[in-house]
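Asks: Next input, structure requested:
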Amino acid sequence: MRIGFNPQKDKKLHPSDFFHQVLVPVYIPNQEGYFKGNFSILKLCLDSLFRTSHKRTYFTVVNNGSCDEVRTYLDHLFQNEIIHEVVHTTNIGKLNAILKGLTGNQFTLITIADADVLFVNNWQEETYAVFEAFPKTGSVSPCPNSKLLKYYTTNIFFEKLISESLRFRNVKNPKAMQSFADSIGNPRLFNKHHLKKYLTVSNNHVHAVVGAGHFVGTYRSDVFKKLRHSYSVFKLGGESESDLLDKPVSFQGYWRLSTEENYAYHMGNTLEDWMSKHVEDLKVNNFVYDKVPQLSKVKSNAFMNWFKIKVFSKILFRKSIWKLFLRYKGLTKSEAKEY
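Replies: Numbers count the residues shown, from 1 in each chain. I've put the predicted structure just below:
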């Protein structure tokens, strides 16, 4: 039987100082074969994250059925108050692990990153600059990819079709973009035109690249409040990542953008010498933000969102029309042909 009164009953939680959550799902079942170098990669990922993130960042790691060595390491980080939250599960799949990490908290911004991301100094500051410069921003990747300009981005094209603010600009860091292609085992992912120019949207002196990948990205928390899916049948792949991380942004009327400069690297599963050196050279971010980035409320019409993504895209992406559009936005005839 119960005796007495629980002293925690009806007590409200204290307001949190954190406004930005970083969520990292981890699956390293062993340290053999494909997973041989993943534990070392994970350590570099988290070390780069801790060094480059400001003091109002809340770190969540979801252990999705990893081996005992990884579990012990994550528990050590939690016990030493280096990470704020660690969730241990069996292998429930990457997307279900992400869904676990999204619940029970309330933040303005949420970054979801694979466990093989190497963060670079100023990734948060530059991400916030994009959110504040473009009121309709729903997600921002710190790793620009010129080939993603057609991936759930037609709402941007519809709204900025004749605007001078939507133009091709020179790629700031083609070496970093090629590094991403190499890291996924596809060195020919980008042709010479992709490495030279990318499509950007501009607001005064702030430029953002149209399109975003999902191996690392920062989202308005509002994006996840209206999810149609609360469970994925896939452990990895399928339509799971698109359904959770890509479609909800566009179908709620938000824009998917990337920073103009590169502020994160994809390491893959093989440790290379440059990775450790890069982390060692990172400056520790001791900055404390006095204010939360101001995100504008976006009014959205479900029918128009559907029309822009499903109907307008079929018109714009017709081969002949698309080439004309690319030339209108700044590519030469030969560039548009091969872009």
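Asks: Where does the prediction get shaky in the stretch 101-250 of the chain?
Replies: By pLDDT under 70, the low-scoring segments of the stretch 101-250 of the chain are 228-240.
Asks: how much space between Phe35 and Ser66?
Replies: The gap separating Phe35 from Ser66 is 9 Å, by CB to CB, to the nearest Å. Where C-beta positions appear, they are placed from N, C-alpha and C, glycine not excepted.
Asks: Need the residues touching each of these two.
Replies: Common contact partners of Phe35 and Ser66 (CB atoms under 8 Å, 6 or more residues apart in numbering): 28-29.
Asks: what ranges do the strands span in this structure?
Replies: Using DSSP state E, the strands of the chain run over 20-26, 57-64, 85-89, 109-113, 117-119, 137-141, 166-170, 197-203, 206-210, 216-220, 255-259, 264-266.
Asks: ok, what's across the strand from Thr111?
Replies: Val22, Thr218 (DSSP bridges).
Asks: mind listing what the residue lying closest to Ile156 once chain neighbours are set aside touches?
Replies: The shortest distance from Ile156 to any non-neighbouring residue, by CB to CB, 6 or more residues apart in numbering, is to Trp255 (5.3 Å). By CB under 8 Å, 6+ apart, the residues touching Trp255 are 134, 136-138, 153, 155-156, 201, 249.
Asks: residue nearest the centroid of this protein?
Replies: The centroid of the chain falls nearest to Gly217 when counting by CA atoms, centre = their mean (0.8 Å).
Asks: State the distance from it to Thr137.
Replies: 11 Å.
Asks: Show me what counts as buried in stretch 274-293.
Replies: Neighbour counts over stretch 274-293 (16 or more other CB atoms under 10 Å) mark 275, 278-279, 282, 285, 289, 293 as buried.
Asks: Over to stretch 43-54?
Replies: 43-53.
Asks: How far away from the center of its chain is it?
Replies: 15 Å (CA atoms, centre = their mean, to the nearest Å).
Asks: And the contacts of that stretch?
Replies: Applying CB under 8 Å, 6+ apart, the set of residues contacting stretch 43-54 is 20, 22, 24, 59, 61, 73, 77, 82-83, 113, 115-124, 267, 271, 275-276, 278-279, 282-285, 287-289.
Asks: Tell me where the chain has helices.
Replies: 38-52, 68-79, 94-102, 123-133, 154-160, 174-183, 240-241, 247-251, 273-280, 302-306, 313-316, 319-328, 333-338 (DSSP state H).
Asks: okay, these in a markdown table with distance to Ala208 next?
Replies: Shown next, in a markdown table, are the helices of the chain (distance: least, CB to CB, whole Å):
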| stretch | distance to Ala208 |
| --- | --- |
| helix 38-52 | 20 |
| helix 68-79 | 33 |
| helix 94-102 | 24 |
| helix 123-133 | 5 |
| helix 154-160 | 10 |
| helix 174-183 | 15 |
| helix 240-241 | 22 |
| helix 247-251 | 14 |
| helix 273-280 | 24 |
| helix 302-306 | 20 |
| helix 313-316 | 20 |
| helix 319-328 | 18 |
| helix 333-338 | 21 |
